[in-house]
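In: Structure of the sequence below:
(chains A and B)
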Amino acid sequence: NAGVTQTPKFQVLKTGQSMTLQCAQDMNHNSMYWYRQDPGMGLRLIYYSASEGTTDKGEVPNGYNVSRLNKREFSLRLESAAPSQTSVYFCASSEGWAKGTDTQYFGPGTRLTVL
Amino acid sequence: GESVGLHLPTLSVQEGDNSIINCAYSNSASDYFIWYKQESGKGPQFIIDIRSNMDKRQGQRVTVLLNKTVKHLSLQIAATQPGDSAVYFCAEFNQAGTALIFGKGTTLSVSS
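Out: Purely as a prediction, here's the structure:
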C-alpha cells in the first residue's frame, strides 16, 4: 500500500514550457487535491476533485488545469510555466464521505523550478 | 475571514523536554482541526485530529487541546525526541467544508 505517489520528484522548466504533474492513490479514496507550498508558507489549495468526474477551483487556480483521469489518478498541468509557479506541489487524497471532517493524506511532493 | 495561524515560527527544545506548539484560528464555525508534521523534503503527515465537541484528545506522546472560547488549539509533545524535529501545521476546513486551510507552520528543533 503505497498511499499517495507523485511523479516526477524534481523538475526544472524554462518559462513558457508546459508539463503535467502526476498523482495516484491506492487507498480507494473519492477525493483528491493539489496544493502548492512556497518557502515559509503553509499549503494553498490549487484545485480539488471531490469525486471522480468532478473538479473545482481552490484558492490559487490561475495558470493551472487539472484532470481526474479515474478514481486513482489526478493530474495537474501547467500550460505555460512562469517563475511564479516555482514551488513544491503536493497531491493529497481523502475518503470524501464526510464534508468538513475528512482527513487528507499527502504524497511526497514535486519540487518544480521555473527559470 | 478564514485563517489559521501559529503563534511562533520556531521552537527549540532539549531532548526529553515537553513541547507545546500553539495555533489560533479565526473561523468560529470550524468544528474539525488537524495537526500535521512535515519533515524536510517530505509531504505533511497526519498526527492527530480533534472535533469541536471535544476539549482534549490524546495520542501516542501527543495531546491536542482545543479552547473554543478563545479560538485556540495546541499540540503538546511529551518527551520530545530528535525525530520530532519538523515543521508542524494546524489546519481547519474552509466554510464549505471542501478544503483544508493551513497555518504557516512552526519549526520544532530538538537538540540532544
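In: Would you state the strands of the chain in chain order?
Out: Assuming you mean chain A. A:4-7, A:10-13, A:19-25, A:31-37, A:43-49, A:56-57, A:64-68, A:74-78, A:87-94, A:105-106, A:110-114 (DSSP state E).
In: was after chain B, sorry
Out: Using DSSP E, strands in chain B cover B:4-6, B:10-14, B:19-25, B:32-38, B:45-51, B:56-58, B:62-67, B:72-77, B:86-93, B:100-102, B:106-111.
In: Those: which one's closest to chain A?
Out: The closest of those to chain A is strand B:100-102. By C-beta to the nearest C-beta, the value is 3.2 Å. Where you see a C-beta, it was placed from the backbone N, CA and C, and this is true even at glycine.
In: hmm, the closest one touching chain A?
Out: Yes - using C-beta under 8 Å from any C-beta of the partner chain, we find that strand B:100-102 touches chain A at B:Leu100, B:Ile101, B:Phe102.
In: ok now do the residue most central in space within chain A, which residues does it touch?
Out: With distances taken as C-alpha atoms, centre = their mean, A:Trp34 lies nearest the centre of chain A, 2.5 Å away. Applying C-beta atoms under 8 Å, 6 or more residues apart in numbering or on different chains to A:Trp34 gives the contacts A:21, A:23, A:45-48, A:58, A:64, A:66, A:74, A:76, A:89-92.
In: Keep those, but drop any that are not near chain B.
Out: Applying C-beta under 8 Å from any C-beta to those, those adjacent to chain B are A:Leu45, A:Tyr48, A:Gly58, A:Phe90, A:Ala92.
In: Adding distance to B:Val110, pLDDT and neighbour count as columns, could you present those in TSV?
Out: Shown next, in TSV, are the ones next to chain B among the contacts of A:Trp34 (distance: C-beta to C-beta, whole Å; pLDDT from 0 to 100; neighbours: other C-beta atoms under 10 Å in any protein chain shown):
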residue	distance to B:Val110	pLDDT	neighbour count
A:Leu45	30	92	22
A:Tyr48	34	94	26
A:Gly58	33	92	19
A:Phe90	24	97	26
A:Ala92	27	95	26
